[in-house]
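Enquirer: Generate coordinates for the sequence data below:
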Amino acid sequence: MKLLENISRFAGNTCAFWVILFAILAFFIPDGFTWIAPHISLLLGIIMFGMGLTLSLDDFKGMVKAPKSVFIGVLAQYSIMPLLAFGLATLFQLPPEVAVGVILVGCCPGGTASNVMTFLAKGNTALSVTITAVSTILAPVLTPTLTLLFASKWLPVSAGDMFLSIVQIVLIPIVLGVVVRLLFQKQVDKSVKVLPLVSVVGIVAVASAVVAVNKESIATTGLLIFSVVILHNVLGLLVGYLLAKVLRLDFQNQKAISIEVGMQNSGLGSALALAHFAPVAAVPSALFSVWHNISGPLLATWWGKRSD
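Expert: Numbering: from 1, shown residues only. Model prediction:
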């Protein structure tokens, strides 16, 4: 068990490397990864089940202890990124499927990696965990609604079908994870340190599958999409930080909200794109997964070295 924990810790610390490595392999050897695509929803469900195993009532106490910070964080999550996505898709005149993909990842909740990055940045980790949990629970309603609002200019959006997908992929696995933790807390506490390995395998598999399925599209428009993804992420980090600063939250909270806003659940974006739109709509989410695993650690390391 100790060996598995060490492997899991190593995988968690080197997630960016594995995502990039397997994305490159998937581009050059797509046949080795396309078989994963039909199982992306299952993989994401497993990751969300793992998230449920780590949740407890303490993760939601922030709503009582610091409701203002949680409200600002969740509001920023579901306003800044969708608006930036809409603006970038319009400014760069992206093809319809790509525009919808960019907006879709912008309308997703925060990713669990944001909690680790906030910790490394010496930000308010408890606030980060609470915002991630709350934004994820709200995702079945807010993600389809915002996608319908911002993306229907390009393509028809079925908010009802998307709602059902998110309930199946996100909400049910999380609830099951929480229930299992309540029933078997001792056993879960012993195995929870292995979960980063499961998450990394899932994230790498999702990203590589999307790259493999969309090799031709990435070869022709990949540079444009990647540029938009970088801008989306960097602007999200910046605007999230500035908003928290203007609203006079302390520096630890500013860092937490910045990272929460900038780092999305790109796996969910990929799953929804493949389920409800053309495969190329999943490319922005896959590239976002690659990029935010680079930008997140860089920002967290820089902030972590700064004194408050």
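
Enquirer: Averaged pLDDT, stretch 19-34. What do you get?
Expert: In this model, stretch 19-34 has an average pLDDT of 87.

Enquirer: average pLDDT across stretch 56-72?
Expert: Averaged over stretch 56-72, pLDDT sits at 75.

Enquirer: That one: end-to-end distance?
Expert: Criterion Cα to Cα, to the nearest Å; first-to-last residue distance in stretch 56-72 is 22 Å.

Enquirer: Work out for me the element V229 sits within.
Expert: Using DSSP states H and E, V229 falls within helix 215-246.

Enquirer: Can you give me the buried ones in that helix?
Expert: 215, 217-218, 221-222, 225-226, 228-237, 239-241, 243-244 (16 or more other Cβ atoms under 10 Å). All C-beta spots, glycine's among them, are computed from the backbone N, C-alpha and C.

Enquirer: how about the CA coordinates for stretch 246-265, as CSV?
Expert: C-alpha atoms of stretch 246-265 as CSV (Å, rounded to 0.1, in the frame of the first residue of the first chain):
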residue,chain,number,x,y,z
VAL,A,246,-11.1,45.0,-5.9
LEU,A,247,-13.5,43.4,-3.5
ARG,A,248,-10.8,43.7,-0.8
LEU,A,249,-10.4,40.0,0.0
ASP,A,250,-7.1,39.1,1.6
PHE,A,251,-4.1,37.9,-0.5
GLN,A,252,-4.7,34.2,0.4
ASN,A,253,-8.3,34.5,-0.8
GLN,A,254,-7.2,36.4,-3.9
LYS,A,255,-4.9,33.5,-4.9
ALA,A,256,-7.6,30.9,-4.2
ILE,A,257,-10.2,32.7,-6.3
SER,A,258,-7.8,33.4,-9.2
ILE,A,259,-6.8,29.7,-9.4
GLU,A,260,-10.4,28.6,-9.1
VAL,A,261,-11.5,30.8,-11.9
GLY,A,262,-8.6,30.0,-14.2
MET,A,263,-8.6,26.2,-13.8
GLN,A,264,-11.6,24.4,-15.2
ASN,A,265,-13.0,20.9,-15.1
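
Enquirer: Now that stretch: buried residues?
Expert: Those would be 249, 251-265, for stretch 246-265 by 16+ other Cβ under 10 Å.

Enquirer: ok, which pair from those is furthest apart?
Expert: Across those, the longest distance by Cβ to Cβ is 25.5 Å; it joins F251 and N265.

Enquirer: Could you identify the helix or strand that succeeds the lowest-mean-pLDDT helix or strand in the chain?
Expert: Lowest by mean pLDDT, DSSP states H and E among the helices and strands of the chain is helix 62-65, with a mean of 67. Later in the chain than helix 62-65, the nearest helix or strand by DSSP H and E is helix 67-77.

Enquirer: what packs against that following helix?
Expert: Under the contact definition 3 or more Cβ pairs under 8 Å, 6 or more residues apart in numbering; DSSP states H and E, helix 67-77 sits against helix 62-65, helix 125-151, helix 215-246, helix 251-262.

Enquirer: Can you spell out which helices and strands pack onto the last one?
Expert: Packing contacts for helix 251-262, counted by 3+ Cβ pairs under 8 Å, 6+ apart, involve helix 67-77, helix 113-120, helix 125-151, helix 215-246, helix 283-305.

Enquirer: Worst mean pLDDT among those helices?
Expert: Mean pLDDT values for the helices and strands packed on helix 251-262 show the minimum at helix 113-120, a mean of 79.

Enquirer: and that helix, what other elements does it pack with?
Expert: Under the contact definition 3+ Cβ pairs under 8 Å, 6+ apart, helix 113-120 sits against helix 125-151, helix 251-262, helix 283-305.

Enquirer: how many degrees apart are the last one and helix 251-262 in direction?
Expert: What it means is helix 283-305. Interaxial angle, helix 283-305 versus helix 251-262 (axes from the mean of the first three to the mean of the last three Cα atoms, to 10 degrees): 170 degrees.
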